[in-house]
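Q: Sequence first, then the predicted structure:
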Amino acid sequence: MTTGSRRSPLALTILGLLEDGPLHPYRMQQLIKQWGKDQVVNVGQRATLYKTISRLADDGLIEVHETTRDQLYPERTAYRLTGAGRAASRQWLTEILSTPRNEFPEFPAALSFLPMLSPDTIRDLLAARRDRLLQRLADRQALIGGSGVELPRVTMLETEYQRAVTEAEIRWIDTVVAGLGDGSITWDQRQLHDAARRLDEDR
């Protein structure tokens with residue numbers, strides 16, 4: 001089976017949350033933060049959550065379960081997973097886990113234009129990035145240790161992955177900063193123009 005609905009981390013998260021039963025959007029947002037899923041899914045803007053829910057409903061992957069009214073709270077609409085939504089979530093998981101996709105993050109894009117700045121400036125900026133990555137590692141470790149509950153490892157695999165990727169990036173930054181420091185990584189405009197000319201000639 002294939003689904004025409006556009007997948008996204010947030011869409012997959014919503015379908016995953018609804019596996020355990022109907023929820024209203026505010027509760028979804030609470031659970032995403034409570035379970036630490038906001039480390040891998042962007043829910044900073046509540047409007048984005050509501051737009052994704054609306055899109056999933058239009059695509060038939062979720063549907064309205066009930067709408068409740070209370071004098072103390074605004075009207076709340078709870079949603080439940082449909083059979084099509086359950087199938088779509090498993091299709092998306094299969095595709096995401098098995099097939100790497102170029103997600104075009106901004107950091108590699110910035111790296112492709114390093115010669116716009118000087119080697120000394122780049123070295124200082126990467127050193128600052130390294131410090132922030134170390135702080136991110138410490139914050140995530142504190143989050144894990146502060147739960148007070150021993151969780152099954154499968155519930156923490158996304159955190160393990162993020163930690164491994166961050167640690168690898170720190171090691172890579174160390175090699176680049178070292179190269180910028182000892183002069184093995186450097187550039188000047190003439191060198192870059194010559195390289196561009198050679199590429200044009202080879203085409």
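A: Cool, the structure landed. Residues are numbered from 1 along each chain as shown.
Q: Low-confidence regions, the protein specifically.
A: Counting by pLDDT under 70, the low-confidence segments of the chain come to 1-3, 144-148, 203.
Q: which residues does the most centrally placed residue in the chain contact?
A: The centre of the chain sits closest to Val40, judged by Cα atoms, centre = their mean, with a distance of 4.4 Å. By Cβ atoms under 8 Å, 6 or more residues apart in numbering, the contact set of Val40 is Pro9, Glu158, Gln162. Every C-beta, even on glycine, is put in place using the N, C-alpha and C of the backbone.
Q: how about JSON lines for the residues you listed, with secondary structure and neighbour count added?
A: Listed next are the contacts of Val40 as JSON lines, based on DSSP: H, G, I helix; E, B strand; the rest coil; neighbours: other Cβ atoms under 10 Å:
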{"residue": "Pro9", "secondary structure": "helix", "neighbour count": "16"}
{"residue": "Glu158", "secondary structure": "helix", "neighbour count": "14"}
{"residue": "Gln162", "secondary structure": "helix", "neighbour count": "15"}
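Q: For the residue nearest to the centre of the chain, give its distance to Glu75.
A: Distance of Val40 to Glu75, computed by Cβ to Cβ, to the nearest Å: 30 Å.
Q: before we move on, what about Thr52?
A: 20 Å.
Q: who's Arg76 bridged to?
A: Note on Arg76: beta-bridge partners by DSSP bridges are Thr68.
Q: In this structure it contacts Thr68, no?
A: Yes - Arg76 is within contact range of Thr68, at 5.2 Å (criterion: Cβ atoms under 8 Å).
Q: hey, where'd the helices end up in this protein?
A: Secondary structure of the chain (DSSP state H): helices at 9-17, 25-34, 46-58, 83-98, 106-111, 119-145, 157-182, 189-202.
Q: most neighbours per residue, which of these?
A: Stretch with highest mean neighbour count among these: helix 9-17 (a mean of 20; mean count of other Cβ atoms under 10 Å).
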